[in-house]
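Colleague: structure for the following, please:
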Amino acid sequence: MPRGRILAAMSGGVDSSVAALMLKRDGWDVVGVTMDLFGAQGDLPGKCCSFDDRMDARRVCDALGIPFYVLNMKDIFRDKVIDPFIREYACGRTPNPCARCNEQLKFGALMRKAHELGAETIATGHYAVIKGGQNGYRLFASPHKKKDQSYFLFSLDSTRLSRILFPVGEMTKEQVRTVAAEAALPVSQKEESQDICFVPDGSYSSFLIRNGIETPDGDFVDPGGKVIGRHRGVIHYTVGQRKGLGVSAEEPLYVLRIDAAANQIVLGRKTDTFSGSAIVDSPSFVSGRAPAAEFRATARIRYRHPGAKATVHADPSGTRLIVRFDEPQRSVAPGQALVLYDGDEVLGGGWITCASD
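Modeller: Residues are numbered from 1 along each chain as shown. All right, here's what the predicted structure looks like:
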């Protein structure tokens, strides 16, 4: 018996392709959709989300015998992901466009489009786990930590989770490829990209320059404010960076802070890169609210960060968190997402605005 219509977000990769296959086998009325982020000519060609990827998604849908649509998302992608990335980087912060894309497009605009196509549920190839119960829907990390993507999904609340499926969320990559090969899907051995889709060469500064952002040379200063060298412009540096600074010192120097307003970059020793706390703005929680005014959690300050035990203080206004780490953490970068966990469960998170000792 059919289980209803579901929108399968198709990237052209093996994960989303197997997700669509599993949904069809499970009795869903599957509709494959791909977001057109860059235009038919690929005006921002990347290693993912490209014209070729859209064609791969179409071939998979043909093989599965399901309808396929390309949705024009160029304007919202530019407005909600690319332009904020440019603004943040030019201000000396380290933005996370993948988390923004999930929030604004995959589980924002795409979810709204699902209704137009007669579907109330959407599915993706993310490696994460959704569980439902009396207290609503909850989000958990994939049991296979190497591929876990729950960090990028922290902004999803219980209401949206009730309309989402992650069919491959508990599988390993090897299992996914095996299923794809056995079904003779044309993408079974397709390589995956680790790059930001609109910065395929990995050079953020080159991308910013191509988009009209150039920042002047300025001073490198030590933590006390003493000038110790010249930098090439703040867009060429990130917090925690060691290589390519061009400043001679008795021991290696690292970027501690970027002050775009003063056009200064603060350098220090490795021991200076550690922070005892972070302030997080615009927090959101899966349950809809913080567990308590003060609570314990494991905080991840970037995607590959293993997590650090912390005490979290929630501002009564709901607009800010103060996260105090049990042990100082290295290179806490403004602009990155800080995601809070209770074991494997995602509690929520927000955006780092500053770090302190």
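
Colleague: pull up the distance across stretch 333-346, start to finish.
Modeller: End-to-end distance for stretch 333-346, by CA to CA, to the nearest Å: 21 Å.

Colleague: revised request: answer the last question for stretch 271-290.
Modeller: Terminal-residue distance, stretch 271-290 (CA to CA): 33 Å.

Colleague: buried residues, it. List them.
Modeller: Within stretch 271-290, the residues that count as buried by 16 or more other CB atoms under 10 Å are 272-280, 283-286, 290. Backbone N, C-alpha and C define where each C-beta goes, glycine included.

Colleague: any idea how this structure splits into domains?
Modeller: Following the assignment in automatic domain parsing, the chain carries domains at 5-125+167-182, 215-268, 273-356.

Colleague: can I assume R58 sits in a strand?
Modeller: No. Looking at R58 with DSSP: H, G, I helix; E, B strand; the rest coil, it is helix, so not inside a strand.

Colleague: still on that earlier bit, and which of the buried residues of stretch 271-290 is nearest to A181?
Modeller: V286 (34.9 Å; CB to CB).

Colleague: what about the closest one, distance to D315?
Modeller: 19 Å (CB to CB, to the nearest Å).

Colleague: check L156 too.
Modeller: 22 Å.

Colleague: more neighbours: which of those two?
Modeller: Counting neighbours by other CB atoms under 10 Å for L156 and for D315 shows that L156 has the greater number, 24 against 15.

Colleague: is the more buried one part of a helix or strand, or is it coil?
Modeller: coil.

Colleague: my guess is it meets S162, correct?
Modeller: No. Applying CB atoms under 8 Å, one finds L156 not in contact with S162, separated by 10.1 Å.

Colleague: so for these two, which residues contact both of them?
Modeller: Residues touching both L156 and S162 (CB atoms under 8 Å, 6 or more residues apart in numbering): none.

Colleague: can I take it that H115 is in a helix?
Modeller: Yes. Membership of H115 in a helix is supported by three-state DSSP.

Colleague: state the helix or strand in which L347 lies.
Modeller: strand 345-356 (DSSP states H and E).

Colleague: strand partners (parallel or antiparallel) of that strand?
Modeller: strand 136-141 (antiparallel), strand 274-285 (antiparallel), strand 337-342 (antiparallel) (DSSP bridges).

Colleague: got CSV for those strands, with distance to E120 and mean pLDDT too?
Modeller: What follows is those, written out as CSV (distance: least, CB to CB, whole Å; pLDDT from 0 to 100):
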stretch, distance to E120, mean pLDDT
strand 136-141, 14, 97
strand 274-285, 22, 97
strand 337-342, 27, 98
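
Colleague: low-confidence ranges, the stretch 1-150 of the chain, go.
Modeller: 1-2, 39-49 (pLDDT under 70).

Colleague: try 90 this time
Modeller: By pLDDT under 90, the weakly predicted segments of the stretch 1-150 of the chain are 1-3, 38-53, 115-118, 120, 133-135.

Colleague: helices along that one, start to end?
Modeller: Counting by DSSP state H, counting those that start in this stretch, one finds helices in the stretch 1-150 of the chain at the ranges 14-25, 51-64, 74-77, 83-90, 97-101, 110-116.

Colleague: in terms of secondary structure, what does the fifth one contact?
Modeller: Meaning helix 97-101. helix 83-90 (3 or more CB pairs under 8 Å, 6 or more residues apart in numbering; DSSP states H and E).

Colleague: which parts of the stretch 151-300 of the chain are strands?
Modeller: Assigned by DSSP state E, counting those that start in this stretch, the stretch 151-300 of the chain shows strands spanning 164-165, 218-221, 227-231, 254-259, 264-268, 274-285, 294-300.

Colleague: quick one: mean pLDDT over the first one.
Modeller: For strand 164-165, the per-residue pLDDT values average out at 98.

Colleague: neighbouring strands - and their directions - for it?
Modeller: According to DSSP bridges, strand 164-165 forms sheet pairs with strand 121-123 (parallel).

Colleague: perfect, I'm done here.
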